[in-house]
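Peer 1: Below are the sequence and a predicted model; questions follow.
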Amino acid sequence: MHAQDTSAPRGASLPSGCTFDAHDWYLMARCWFPVLEVSRLGNAPVACRLLDQPLVVYRAGGEVVIAADRCPHRGMALSKGLPDPEGLRCAYHGLRFGAQGQCTEVPSVPGCPIGSRFNLTTFPVIERYGLYWTCLDPQPGQAPDLPPMPPWDDPAFQATVCPRYDLDCFAGRQMEGFLDVAHFPWVHNTTFADASVHAVADYSVHPCRNGFTSSYRSPISNYPLESTLRSPPGFLWTRSFHVHLPFSARLTIDFPGDQQLVILNLASPVSANRTHMFVPVARRFDPPVSDEHIHAFNLRVFGEDKPFMEGQRPRRLPLDPREEAHFPADRNGLAYRRALRAQGYLRFFDD
């Protein structure tokens with residue numbers, strides 16, 4: 001992997017009050033991130049935030065628009081606007097915005113031509129895995145690079161996206177926690193993990209396009225502790241990670257009897273110390289359970305992680321390996337930090 005070139009002219013601008021290092025912000029602004037569940041968008045506009053940039057998501061006919069959450073007229077937040085059959089209206093002076101963020105009506109001067117300065121600053125939209133994704137600084141000629149999740153479209157799998165989970169931490173800290181294989185018996189011993197199994201077997205990490213893969217085997221079951229299901233004697237659970245930089249990772253867990261669970265961890269950086277966590281899940285089990293049951297269990301697991309993700313100091317993710325101590329089970333975390341450095345990230349932000 002090579003550091004990305006940031007010397008080219010930039011089409012995006014740092015948002016006011018940006019909490020990230022400028023160099024790192026421009027690198028992240030070229031990446032695609034989820035900002036909203038498809039199920040949450042109705043007729044009314046919805047406020048979101050990505051990399052300190054306030055956004056509004058709204059419908060204009062059959063089109064979904066993501067734009068800067070600011071009316072070009074007097075700066076009113078359009079997420080507080082009024083739904084309109086053709087898009088949305090600013091609640092302050094009634095300006096109407098439709099497809100592609102175009103201003104289509106200024107009520108105070110009916111019939112007058114509307115200049116382009118009244119149009120919104122918009123960003124591209126992709127719908128995938130039950131989420132709306134965007135990129136603040138898409139590069140010309142560069143195709144969107146979303147993390148792959150093949151089982152999502154496989155009819156043999158039940159696919160659902162968990163409700164957004166909010167964390168007061170940096171996205172990189174959350175990601176590294178998701179990749180950590182030594183914390184299960186200490187943190188998740190009320191949901192699925194055996195508190196008596198501490199040892200982590202040796203495993204290796206393999207670079208791949210825009211990230212790396214790893215796989216390790218463990219006697220720690222992934223059945224909920226309250227379940228009556230038990231793995232066969234001597235069964236080793238295989239957990240395989242596929243990391244997609246900067247803040248996405250897919251975990252595949254092989255269950256007994258050819259059953260499988262696939263979790264896509266998407267840490268969307270709202271700001272340097274705020275993360276929206278989106279988690280599409282695909283599972284191949286018989287019999288299936290309700291989506292609500294899947295959501296409830298995963299929210300319990302997220303809740304166990306939350307105080308640890310938010311309690312780490314420094315709040316940034318140290319990219320210099322000398323800043324923290326490491327043991328062999330940290331191979332995923334060390335590979336993650338090395339991969340971010342190789343892509344040109346420096347510090348993310350200052351405490």
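Peer 2: Looks like it came in fine.

Peer 1: got the contact list for stretch 292-307?
Peer 2: 158, 160, 162-163, 165, 167, 174, 177, 187-188, 190-192, 224, 263, 277, 279, 281, 283 (CB atoms under 8 Å, 6 or more residues apart in numbering). To be clear about C-beta, it is placed using only N, CA and C from the backbone, and glycine gets the same treatment.

Peer 1: In PyMOL, how would I select the buried members of these?
Peer 2: In PyMOL, this line selects whichever of these come out buried by 16 or more other CB atoms under 10 Å:
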select buried, resi 158+160+162+165+167+174+177+187+188+191+192+263+277+279+281+283
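
Peer 1: Could you list the low-confidence segments of the stretch 1-150 of the chain?
Peer 2: 1-10 (pLDDT under 70).

Peer 1: Which parts of it are strands?
Peer 2: 33-37, 46-50, 53-60, 63-68, 82-84, 87-89, 96-97, 103-105, 122-123, 126-128, 131-134 (DSSP state E, counting those that start in this stretch).

Peer 1: So for residue 153, which of the ones you listed sits nearest?
Peer 2: strand 126-128 (10.1 Å; CB to CB).

Peer 1: So which residues of the stretch 251-351 of the chain form helices?
Peer 2: Using DSSP state H, counting those that start in this stretch, the helices found in the stretch 251-351 of the chain span residues 291-311, 331-342.

Peer 1: could the ones you listed be laid out in a markdown table, adding mean pLDDT?
Peer 2: Compiled in a markdown table, the helices of the stretch 251-351 of the chain are given as follows (pLDDT from 0 to 100):
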| stretch | mean pLDDT |
| --- | --- |
| helix 291-311 | 97 |
| helix 331-342 | 97 |
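
Peer 1: Of all the ones you listed, which one is nearest residue 217?
Peer 2: helix 331-342 (14.1 Å).

Peer 1: Now that closest one - C-alpha only, CSV.
Peer 2: Provided in CSV are the C-alpha atoms of helix 331-342 (Å, rounded to 0.1, in the frame of the first residue of the first chain):
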residue,chain,number,x,y,z
ARG,A,331,-1.6,-8.4,15.5
ASN,A,332,-4.9,-7.1,14.1
GLY,A,333,-4.6,-3.8,15.8
LEU,A,334,-0.9,-3.3,14.8
ALA,A,335,-1.7,-4.2,11.2
TYR,A,336,-4.6,-1.7,11.2
ARG,A,337,-2.3,1.1,12.5
ARG,A,338,0.4,0.2,10.0
ALA,A,339,-2.1,0.2,7.1
LEU,A,340,-3.4,3.6,8.1
ARG,A,341,0.1,5.0,8.2
ALA,A,342,0.8,3.5,4.8
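
Peer 1: related to what we said a few turns ago, what's the most buried one of the strands of the stretch 1-150 of the chain?
Peer 2: Among the strands of the stretch 1-150 of the chain, judged by mean count of other CB atoms under 10 Å, the one packed with the most neighbours on average is strand 96-97 (a mean of 26).

Peer 1: who does that strand touch, helix- and strand-wise?
Peer 2: strand 87-89, strand 103-105 (3 or more CB pairs under 8 Å, 6 or more residues apart in numbering; DSSP states H and E).

Peer 1: What are the contacting residues of that strand?
Peer 2: If you take CB under 8 Å, 6+ apart as the criterion, strand 96-97 is touched by 58, 60, 65, 67, 78, 84, 86-90, 103-105, 107, 119-120.

Peer 1: I figured residue 194 was touching residue 221, is that so?
Peer 2: Yes. The pair residue 194 / residue 221 is scored as a contact, 6.9 Å apart, by CB atoms under 8 Å.

Peer 1: More neighbours: these two, which one.
Peer 2: residue 221 (19 against 15; other CB atoms under 10 Å).

Peer 1: For the more buried one, give me its contacts.
Peer 2: 192-194, 230-231, 237.

Peer 1: okay, the helices and strands packed on strand 96-97 in CSV with distance to residue 290 next?
Peer 2: Formatted as CSV, the helices and strands packed on strand 96-97 follow (distance: least, CB to CB, whole Å):
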stretch, distance to residue 290
strand 87-89, 34
strand 103-105, 42
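
Peer 1: Show me the beta-bridge partners of residue 265.
Peer 2: residue 249 (DSSP bridges).

Peer 1: Surely residue 280 touches residue 159?
Peer 2: Yes. Between residue 280 and residue 159 there is a contact under CB under 8 Å: 6.9 Å.

Peer 1: Report the separation between residue 49 and residue 97.
Peer 2: Distance from residue 49 to residue 97, counting by CB to CB, to the nearest Å: 19 Å.

Peer 1: again with residue 308
Peer 2: 42 Å.

Peer 1: again, but for residue 34
Peer 2: 23 Å.

Peer 1: what's residue 214 in contact with, if anything?
Peer 2: Here residue 214 is in contact with 203-206, 240-241, 331-332, 335 (CB under 8 Å, 6+ apart).

Peer 1: go again using 6 Å as the cut-off
Peer 2: 203, 205, 241, 332 (CB atoms under 6 Å, 6 or more residues apart in numbering).

Peer 1: Surely the last one is in contact with residue 179?
Peer 2: Yes. Counting by CB atoms under 6 Å, residue 332 touches residue 179, with 3.9 Å between them.

Peer 1: Kind regards, and thank you for your time.
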